[in-house]
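Student: okay, predicted coordinates and the sequence, questions at the end:
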Amino acid sequence: MTSTPPIPATEEVRLASLLRQAPLEFARVVYGLNDRASGRAGTMAAEEVARTVRQGVPVTRERAEQRARAYLPVAGHEHCPRCWVFNGIKSPLHFREASDDRPETAICKVCGAEYTSSLE
Ligand SMILES: [Zn+2]
């Protein structure tokens with residue numbers, strides 16, 4: 001019985017998994033706006049929207065959609081999909097290496113988002 005070491009995520013996998021997050025973050029914006037509009041301010045998505053608005057950035061469905069479409073992470077300088085879609089800011093992601101029981105993770109120190117570098 002030999003255990004195979006985890007395969008490090010390639011840059012391709014990293015970028016592809018981040019790209020898949022942008023539309024999901026856009027969906028969170030939509031949920032957040034809907035929740036706020038119907039008085040459910042306590043949901044996670046609504047709180048993300050509220051946090052962004054407190055920073056002085058208006059959150060609209062149209063802007064978030066445009067940004068989600070325009071999200072383009074650059075190898076070696078990947079930025080956080082959530083900060084980008086919600087806020088239009090480029091927060092650098094920090095990568096935590098894969099271990100035996102989990103794949104590589106990208107972490108945003110600005111908003112606390114965590115993304116897995118995996119196409120599963
Ligand atoms: Zn972020």
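Tutor: Sure, I can see it. Residues are numbered from 1 along each chain as shown.
Student: quick check, the longest helix along the chain touching the ion?
Tutor: Counting by DSSP state H, the longest helix found in the chain is helix 11-37. No - Helix 11-37 does not reach the ion (CB under 5 Å from the ion); its nearest approach is 9.3 Å. C-betas here are computed from N, CA, C, even on glycine.
Student: tally up the residues packed near E65, please.
Tutor: 15 (other CB atoms under 10 Å).
Student: do I have it right that T43 meets L33?
Tutor: No - between T43 and L33 there is no contact, the gap being 11.0 Å when judged by CB atoms under 8 Å.
Student: where's Y115, which helix or strand?
Tutor: strand 114-116 (DSSP states H and E).
Student: residues touching stretch 42-54, excluding its own?
Tutor: By CB atoms under 8 Å, 6 or more residues apart in numbering, the residues outside stretch 42-54 that reach it are 28-29, 31-33, 35-36, 40-41, 59, 82, 86-87, 111.
Student: same question but for stretch 87-101, I mixed them up
Tutor: In contact with stretch 87-101 (CB under 8 Å, 6+ apart) are residues 3, 6-9, 14, 18, 52, 55, 57, 63, 67, 77-80, 83-84, 104-111, 115, 117.
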